[in-house]
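Visitor: Please work out how this folds:
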Amino acid sequence: MLKLTFVALQTAASYHAIAIALSLMEAYSLSVQHEQTTLQILQAKLGPDDLRTQVIQIIFQQSLNSFQLITISILSDVSSGCGCMA
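Guide: Take a look at the predicted model:
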């Protein structure tokens, strides 16, 4: 059981690292998906009350909020005719 939890934590940490890399590459929707997978793994293996799960929950919510703001900004630029995709 302990080994299985350790492997799950390693997997969750890997998904989190990939999410960070994707965010830096401006692949925000994929980044959010990877953070969500990280959260799901931690919730399943550690439970919602574990501090590590709670931290990832906060990070996931911040990632989701950032993604939504970026999407709104892009849509606003496109609708105003800016043509900018920053």
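Visitor: And the most centrally placed residue in the chain, what's its pLDDT?
Guide: Against the mean C-alpha coordinate of the chain, by Cα atoms, centre = their mean, the closest residue is Glu35 at 2.7 Å. For Glu35, the pLDDT comes out at 92.
Visitor: what's the helix or strand for it?
Guide: Glu35 is part of helix 28-46, with elements assigned from DSSP states H and E.
Visitor: and that helix, which residues are buried?
Guide: 28, 31-39, 41-43, 45-46 (16 or more other Cβ atoms under 10 Å). Heads up, the C-betas are built off the backbone N, CA and C, glycines and all.
Visitor: quick one: buried residues of whichever strand or helix holds Lys3?
Guide: Per DSSP H and E: Lys3 is located in helix 2-24. Buried residues in helix 2-24, counted by 16+ other Cβ under 10 Å: Ala12, Tyr15, His16, Ile18, Ala19, Leu22, Ser23.
Visitor: gap between the fourth one and Pro48?
Guide: Applying Cβ to Cβ, to the nearest Å, the value for Ile18 to Pro48 is 23 Å.
Visitor: Next: the last one.
Guide: Plainly put, Ser23 is 24 Å away from Pro48 if you go by Cβ to Cβ.
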